[in-house]
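In: The sequence isn't on hand, but the structure is:
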DNA sequence: CTTTACCCACTTTTT
DNA sequence: GTGGGTAAAG
């Protein structure tokens, strides 16, 4: 084992050696926070503390994996694998899986991601015939999420006067009922959403004292990373777990609290000292990452915030270069400038691609950088955005797997019951839903006896076939591993075949995605489990449990690829890069338009600005554009107010000249404006055309005669004159198709010309 | 019942 | 520019 204390400064050493009792480490950006946490855990273990009794909670799987690895390196043995290190969500999911029955959940409960939750809410809102102008699934989900993060149950929500008034005032009086029904439906489906993983964990500890005692005893040492980003639910759970030993160590930086939209409250870190009597506070103020210029700028910027723990971040690194301010006229120019700058820096200062990061406020901003990097042949990778697991084809495939493991999961069931199309349409699904509600059974139960929903004939048979197929997959669960079941799903459902036959570019990509999913499942079943505690469980159930908490960033292990990294500032937290481009520094974007009217929100944006500044080690660029396309139309934003907060002496404005220095820019702007005008004319023009077309088709639409009565399709013959309900009168030119699907080619009188009419559906009356 | 075509709302940030 | 939901056509 290395002498792990040797390269720690005094404060870091103090934090490592303070093993027992509550400890708060206020760790400035780049002050060696992760090093302290990992060394502290290694130190505990070298003192003889059993790895099984140490709990460390982080916010990303990546941070957790990194910690595990670094501890392993310090200790030089495999003991680190026994540590309970993970995100709040994954650690709690694991515990909940073991304790699920206590709460009435199946051990194989499904974890709903945001999309699943929204679609469930949508169906609840639709079923109640509510106006989706007010009850937007997104809004409703956020409201429910906020309630859960504040540990407010549906019952408490309905009883709370303030909340009720708030909802009434915003024209959403039924919010509480929606919360109640959503909760009930999730329970019935055997599903928990992300917030439930915290909320139910709290319930579990609160309702079952012996369970609480068990975990209180088990976790003798608790460490929390990014404490400034915890919400009330997380706070209360930690408080319960730590109550006996009080060996709790939290690490955080109030200046980097950027997740209030997820319910995080800066109060938790501000009040930590009041929560525990014997608390020790250690501040890590020396920054090892950045140049003096960068640190100075960061400090100045953050001092504009009112609420913060006083600290003085400093560095003994070199002064470094000024921060470069870049101004361009269009978003595409911004992308081009930065791609050029990267190429230039690579030559001039011998940087590699991986030394650069382009960081933006919103995912939608990535396009112009992608295009220009591609043009310059610079390798890049986008982190975040639409995740692999959010793609439609992946969600469809996963829905099969989810249903097999948990047939209660109605969302999964409805997603794939008719995909690929197998003749179970909207009306059949409706019948089943009604039957299920009436007899208080689950959707799946009704499916097994389709006659209870009045389904017979073709649709009844289709349902029966579907059930037989799913059951055959289920019978594999006990004996086969995750890959074998998934392979069978691929083989026996038509999904893979259908995608394979789709030769379009998108179809090919989808096919490859399914292929990739199958490969990753295979890899999962063939890799030995890391968890020392759990048996090597390679079942489909355990696969699903862990996959639903994984994000894109966790998927790629080859982190060392030589590529420029593009991601949101949020995603960049905890990372560092030699060269950072903070782009889109414009009002309404950064700070976001959503945060302009509230002091708290604005301060959070400023903390976000602080975060992006402190990602840079050597060089930092701030860029903004006079105009950019958003949504197809051109918008113009002022430079971000945050730029003005950067002290002038650290700012290099030589790239921020007005566009008039270069000829052509002015005219570009002008022609863009002109284009916009014509496009307006165009759209007005096409609107007009549409109206004309509508009127024409309206006059072409036939009003059926009073005595219209469809004739039996079997009696139709070539040459007959018939009446169609909408197309009017016509002559049958030809009849073709099989007995079951007869098609008539009819020439209509009113200029609509020849049409193929499927007799199965169309109603035709013989005139003569 | 299924497929296609158009229309609209959507953009903070994430486990 | 995009994905999902709806209406119309087959």
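Out: Yep, it's here. As the structure is a computational prediction, the values presented were derived from the model and not from experiment. Numbers count the residues shown, from 1 in each chain, chains lettered A, B, ... in the order given.
In: helices or strands up against the helix or strand where residue A:96 lies?
Out: Assigned by DSSP states H and E, residue A:96 falls within helix A:88-99. Secondary-structure packing of helix A:88-99 (3 or more Cβ pairs under 8 Å, 6 or more residues apart in numbering; DSSP states H and E): strand A:54-58, helix A:194-207, helix A:540-547. All C-beta spots, glycine's among them, are computed from the backbone N, C-alpha and C.
In: Can you get me a residue count around whichever residue of the stretch 451-600 of chain A sits closest to DNA strand C?
Out: Closest residue of the stretch 451-600 of chain A to DNA strand C, Cβ to the nearest atom of the strand: residue A:506 (8.0 Å). Per other Cβ atoms under 10 Å, the neighbour tally for residue A:506 reads 10.
In: One more: residue A:449?
Out: By other Cβ under 10 Å, neighbour count at residue A:449 equals 14.
In: now swap in residue A:246 and tell me
Out: Neighbours of residue A:246 under the rule other Cβ under 10 Å: 14.
In: How about residue A:201?
Out: 27.
In: which residues of the stretch 201-350 of chain A fall in helices?
Out: Remark: helices assigned in the stretch 201-350 of chain A by DSSP state H, counting those that start in this stretch are A:209-218, A:232-242, A:267-270, A:272-275, A:292-302, A:331-349.
In: Would you tell me which of these gets closest to residue A:82?
Out: Closest approach to residue A:82 among the helices of the stretch 201-350 of chain A (Cβ to Cβ): helix A:209-218, 12.3 Å.
In: Please spell out which residues along that closest one are buried.
Out: For helix A:209-218, the neighbour count (16 or more other Cβ atoms under 10 Å) marks A:211-212, A:215-216 as buried.
In: And for stretch A:41-50?
Out: So, applying 16+ other Cβ under 10 Å, buried residues of stretch A:41-50: A:41-45, A:49.
In: again, but for stretch A:587-597
Out: Quick answer for stretch A:587-597 (16+ other Cβ under 10 Å): A:587-592, A:595.
In: Single out the most deeply packed of the helices and strands packed on helix A:88-99.
Out: Ranked by mean neighbour count, the helices and strands packed on helix A:88-99 are led by strand A:54-58 with a mean of 25 (mean count of other Cβ atoms under 10 Å).
In: Walk me through which strands that strand pairs with, and which way each runs.
Out: strand A:84-87 (parallel), strand A:221-224 (parallel) (DSSP bridges).
In: Nearest to residue A:446, out of the ones you listed?
Out: Once these are compared by Cβ to Cβ, strand A:84-87 is nearest, at 37.5 Å.
In: got the contact list for the closest one?
Out: With Cβ atoms under 8 Å, 6 or more residues apart in numbering as the test, strand A:84-87 has contacts from A:52, A:54-61, A:64, A:67-68, A:91, A:94, A:219, A:549.
In: who touches residue A:244 in this structure?
Out: Contacts of residue A:244 by Cβ under 8 Å, 6+ apart are A:216-217.
In: check contacts around whichever residue of the stretch 351-500 of chain A sits closest to DNA strand C.
Out: Nearest residue of the stretch 351-500 of chain A to DNA strand C: residue A:392, at 4.9 Å (Cβ to the nearest atom of the strand). Each residue near residue A:392 by Cβ under 8 Å, 6+ apart is listed here: residue A:510.
In: if I look at it, how far off is DNA strand B?
Out: 14 Å (Cβ to the nearest atom of the strand, to the nearest Å).
In: Output the below-cut-off pLDDT ranges for chain A.
Out: A:1-2, A:385-386, A:528-536, A:551-559, A:658-716, A:722-730, A:735-765, A:768 (pLDDT under 70).
In: Please see if the helix or strand where residue A:436 lies touches DNA strand B.
Out: If you go by DSSP H and E, residue A:436 is part of helix A:426-438. Yes - Helix A:426-438 comes into contact with DNA strand B (Cβ under 7 Å from any atom of the strand), by way of A:426-428.
In: Mind giving me the packing neighbours of the helix or strand just after that helix?
Out: Remark: after helix A:426-438, the chain's next helix or strand is helix A:443-448, criterion DSSP H and E. Under the contact definition 3+ Cβ pairs under 8 Å, 6+ apart, helix A:443-448 sits against helix A:410-416, helix A:426-438, helix A:457-474.
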